[in-house]
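> below is the sequence, then the predicted model.
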Amino acid sequence: MKRLLLLTLTLSASAALADEGMWTFDNFPKDKVKKAYGFEPDQAWLDKVRLSSARLAGGCSASFVSPNGLVLTNHHCARGCVADLSTAKQDYMKNGFHARTQAAEKVCPNFEINKLVEIRDITDKVNAATKGLSGEKYVAAQKAIAASEEKACATSPDVRCDLVSLYQGGRYHLYKYQRFQDVRLVFAPETDIGFFGGDPDNFEFPRYALDFAFLRVYQDGKPAKTDPYFKWSQTGAKDKELVFISGNPGTTLRLQTIAQMANARDRSLPATLQSLAEMRGALDQYATLGKEQDRTSQGLRFGLDNSYKALRGRQEALVDHDFFNKLVKQENDLRMKVNADPEMKKQYGAAWGEIERAVKRGNELATLVGYTNGGPRSRLFGYARTLAEAAEETVKPDTERLPAYTDARRPSLEARLSASAPVHPAVEEIVIRIWLTNLRAELGPDHELTKSLLGNESPASLAKALVSGTKLSQPALRKQLLAGGQKAIDASKDPMIRFVAKILPLATKVRKQYETEVSSVVDRNEELIAKARFAVYGTSTYPDATFSPRLSYGSVKGWVEDGKTITPFTNLAGTYDRATGKEPFALPPSWIKAKSKIKGEVPFNFVTNNDIIGGNSGSPMINQNAELVGLVFDGNIHSLGGAYGFDEKLNRSVGVHSAGMAEALRSVYGATELLQELGLPTK
């Protein structure tokens with residue numbers, strides 16, 4: 001990956017500059033948009049956009065594009081469904097999927113789609129519950145208020161409620177979602193065009209990728225009624241046009257302290273990158289063994305590649321001295337203002353030092369926390385851990401459980417464990433073997449956990465025995481174990497269950513220690529810093545991203561790099577010019593066959609200066625009429641530093657143009673029924 005250019009942003013905490021910001025729907029800067037673009041969204045417009053937008057619970061964004069439950073998202077966001085429905089005989093990843101009737105639509109295993117229907121500010125309740133508390137009591141109070149509020153809000157299995165911490169604990173909002181758990185695949189192009197350019201083009205521009213897919217949400221066995229929805233723009237986005245992006249950005253860290261960012265730069269990011277590289281190398285080697293090995297490992301390899309490139313971009317931003325020095329100046333400016341006021345200094349002045357000490361303690365516990373409370377990227381291990389933890393947690397009062405096992409989260413838990421997703425044993429063995437090998441190397445052969453898990457086995461032999469011996473790939477068994485609770489788990493002889501049971505006692509002990517000595521200290525002092533920031537700068541800025549619904553604004557706009565102007569559009573004809581016939585620039589047969597029919601001048605991919613981050617994949621790009629003009633699927637290379645700051649001159653969102661998607665449906669796939677549902681011409 002080429003070196004990130006210097007992020008020359010101005011990091012003023014007093015207000016977001018230019019088109020910066022991932023804004024909550026209840027605090028959208030309508031006046032700033034009007035001043036910059038002459039358009040002021042009213043409340044009815046904001047409500048329509050919020051209710052037309054959606055979230056894939058697994059980590060992406062989406063939108064409703066018809067009144068009959070049709071959902072638009074990225075191909076790479078739907079790839080889990082596509083891969084799980086694929087077999088050696090029918091590979092939908094390679095060949096694509098197209099249900100020409102609703103009867104042919106296939107249920108996606110373990111997919112959930114959410115629509116935000118209500119936002120409630122409960123900051124006062126949360127602050128009252130945690131007032132004067134610290135350590136273990138503070139953690140317990142946070143868990144209790146979250147479980148209580150979410151349970152009271154989630155009045156049926158069709159409702160999901162999340163307590164969302166904003167401004168590092170400065171505000172707490174309860175988000176109420178309509179939940180759709182019957183999600184079906186409608187259309188997905190071939191991976192060769194959905195991810196055209198592969199890893200070399202990832203986070204780059206110009207791009208030529210048809211990264212879109214259609215799902216449909218059902219209720220009571222019928223397509224759900226989803227109105228309002230975004231109408232499809234036939235013309236799509238134009239140069240310099242105002243564009244809004246409504247999505248669920250995953251995580252930004254712009255409000256973290258310098259101690260936290262320095263720790264990420266020097267410790268956590270390098271360690272994570274090394275781990276990702278090792279796993280990626282092992283799976284790349286496995287994929288060379290044959291077509292089936294390549295197919296069954298493809299999804300995990302894609303995720304590893306994407307994570308590696310994104311986190312490396314974060315690392316490169318933080319090691320840029322000029323960029324990091326700007327972050328230091330931003331923090332110092334706030335601390336100087338706090339220390340200049342005796343009352344604020346008394347209330348907030350010690351918070352930065354407390355976080356720094358907690359970060360150091362966290363480093364001392366990090367390895368053990370990672371291995372006891374984490375695990376390999378194994379579906380089978382994940383099932384076992386979830387079942388064993390659910391049995392332990394369910395017997396506790398709801399307000400004392402881990403968040404994943406509260407009554408409010410039960411529908412998602414049951415759906416995840418009953419999903420009929422395939423398991424690939426050879427891939428499972430690889431990831432468990434590498435995890436065990438690293439555990440022994442990092443904790444040492446004499447550590448109690450190493451001895452307990454490995455005994456006299458090697459990582460390879462134990463991984464093989466666990467995967468070959470477990471029956472947890474069977475949904476019926478998982479449902480039985482979940483229903484049976486602790487008694488069923490204790491009686492189970494399944495080797496993966498017994499393996500996880502050896503980890504949990506130490507995991508609980510270490511987690512409590514970490515919560516008491518690290519996370520509670522950080523959370524409490526982040527709240528204090530948030531209050532100090534409000535006292536100094538007010539609330540005219542946006543909170544860090546939390547994978548909750550946000551709205552950003554910007555315009556279609558290229559950028560200048562090394563003296564060269566990068567224009568904001570590519571077109572369909574350019575796709576054929578870029579194709580080489582070899583992966584990752586090999587076009588699928590459908591596109592080669594349709595070359596003479598495609599209108600080459602139609603825009604394909606484009607960029608805007610909207611502020612986004614990972615999690616925004618699948619976000620609708622809309623104009624001021626709330627018409628869909630594009631679909632976010634990536635950012636450019638400079639956007640990777642967006643976790644810590646935003647530079648309007650360089651950071652760009654990358655999308656698929658609405659006209660390009662329509663032309664592909666029309667001229668390549670003959671998707672007449674989809675075009676009609678979208679209200680688009682079929683010829």
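Nice, thanks for sending it over. Residues are numbered from 1 along each chain as shown.
> the helix or strand hosting residue 436: which residues count as buried?
When elements are assigned from DSSP states H and E, residue 436 belongs to helix 425-443. Of the residues in helix 425-443, those buried under the neighbour-count criterion (16 or more other Cβ atoms under 10 Å) are 427-440, 443. C-beta coordinates here come from the backbone N, C-alpha and C atoms, glycine included.
> ok, these vs residue 371, which is closest?
residue 439 (5.1 Å; Cβ to Cβ).
> surely the closest one meets residue 450?
Yes - when contacts are counted by Cβ atoms under 8 Å, residue 439 is listed as touching residue 450 (6.4 Å).
> quick one: contacts for the residue nearest to residue 126 when sequence neighbours are not counted?
Spatial nearest neighbour of residue 126, chain neighbours left out: residue 172 (4.2 Å); criterion: Cβ to Cβ, 6 or more residues apart in numbering. Neighbouring residues of residue 172 by Cβ atoms under 8 Å, 6 or more residues apart in numbering: 121-123, 125-127, 163-166.
> give me the subset of those that lies in helices.
Secondary-structure check on the contacts of residue 172 using DSSP state H: residues within helices are 123, 125-127.
> dihedrals phi and psi, the residue of the chain positioned farthest from its centre?
Outermost residue of the chain with respect to the C-alpha centroid, by Cα atoms, centre = their mean, is residue 342; its distance is 41.5 Å. According to degrees, to the nearest 10, the main-chain angles of residue 342 amount to phi -50, psi -40.
> where's it relative to residue 357, distance?
According to Cβ to Cβ, to the nearest Å, residue 342 stands 24 Å off from residue 357.
> likewise for residue 139?
Counting by Cβ to Cβ, the gap from residue 139 to residue 357 is 17 Å.
> higher neighbour count, these two?
In this view residue 139 and residue 357 are compared by other Cβ atoms under 10 Å, and residue 139 has more residues nearby, 21 against 15.
> what helix or strand is the closest residue to residue 674 other than its chain neighbours located in?
The spatial neighbour of residue 674 that comes closest, neighbours along the chain excluded (Cβ to Cβ, 6+ apart), is residue 665 at 5.7 Å. Residue 665 is part of helix 658-667 when elements are defined by DSSP H and E.
> packing partners for that helix?
helix 572-578, strand 603-608, strand 627-635, helix 672-677 (3 or more Cβ pairs under 8 Å, 6 or more residues apart in numbering; DSSP states H and E).
> my guess is residue 462 contacts residue 456, does it?
No - at 9.7 Å, residue 462 and residue 456 do not qualify as touching, with contact defined as Cβ under 8 Å.
> who's more crowded, those two?
residue 462 (20 against 7).
> contacts for the strand or helix carrying that one?
When secondary structure is defined by DSSP H and E, residue 462 falls within helix 459-469. Helix 459-469 is contacted from outside by 380, 425, 428-430, 432-434, 436-437, 440, 453-454, 457, 494-496, 499, using Cβ under 8 Å, 6+ apart.
> what residues of that helix count as buried?
For helix 459-469, burial by neighbour count (16+ other Cβ under 10 Å) applies to 459, 462-464, 466-467.
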